[in-house]
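Participant: Task: produce atomic coordinates for the following.
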Amino acid sequence: MANTETLDVIPRQWKVIQTLREKFGQHQALNRQAERYVKEGVEISLSTLADQVGASAAALEPIHALIRAMFSGPSA
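Facilitator: Down below sits the predicted model:
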């Protein structure tokens, strides 16, 4: 028997990762991504994409702070 929770969650998480990769890695605007998702049959609003990007950035901030601290050198 398939675990439907896993089947439902993984694609959603992948879409968030794809959105981040396209926004920051390929500099693709969120409105263009939203338009593409609609063409693919995925109804998602621009505000939802923006919320996902903001939440992801907030979740990654502790990692960013650690990396920044590693490369900033000793404090004076």
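Participant: Distance of the closest residue to residue 43 other than its chain neighbours relative to residue 72?
Facilitator: Spatially, and ignoring its direct neighbours in sequence, residue 43 is nearest to residue 37 (7.6 Å; CB to CB, 6 or more residues apart in numbering). For glycine as for every other residue, the C-beta is placed from the backbone atoms N, C-alpha and C. Look at residue 37 and residue 72: by CB to CB, to the nearest Å, they are 38 Å apart.
Participant: Those two: which is more packed in?
Facilitator: residue 37 (18 against 8; other CB atoms under 10 Å).
Participant: Surely that one is in contact with residue 46?
Facilitator: No. Counting by CB atoms under 8 Å, residue 37 sits too far from residue 46 to count as a contact (10.1 Å).
Participant: What strand or helix carries residue 44?
Facilitator: Assigned by DSSP states H and E, residue 44 belongs to no helix or strand.
Participant: Next, give phi and psi for it.
Facilitator: phi -140, psi 130 (degrees, to the nearest 10).
Participant: Check what pLDDT it gets.
Facilitator: For residue 44, the pLDDT comes out at 88.
Participant: Okay, buried residues for the helix ranked longest in the chain please.
Facilitator: Assignment by DSSP state H gives helix 46-72 as the longest helix of the chain. For helix 46-72, the neighbour count (16 or more other CB atoms under 10 Å) marks 49, 52, 53, 56 as buried.
Participant: any chance of these in JSON lines, plus pLDDT and distance to residue 67?
Facilitator: JSON lines is the format used below for these (pLDDT from 0 to 100; distance: CB to CB, whole Å):
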{"residue": "49", "pLDDT": "94", "distance to residue 67": "25"}
{"residue": "52", "pLDDT": "93", "distance to residue 67": "22"}
{"residue": "53", "pLDDT": "95", "distance to residue 67": "19"}
{"residue": "56", "pLDDT": "94", "distance to residue 67": "16"}
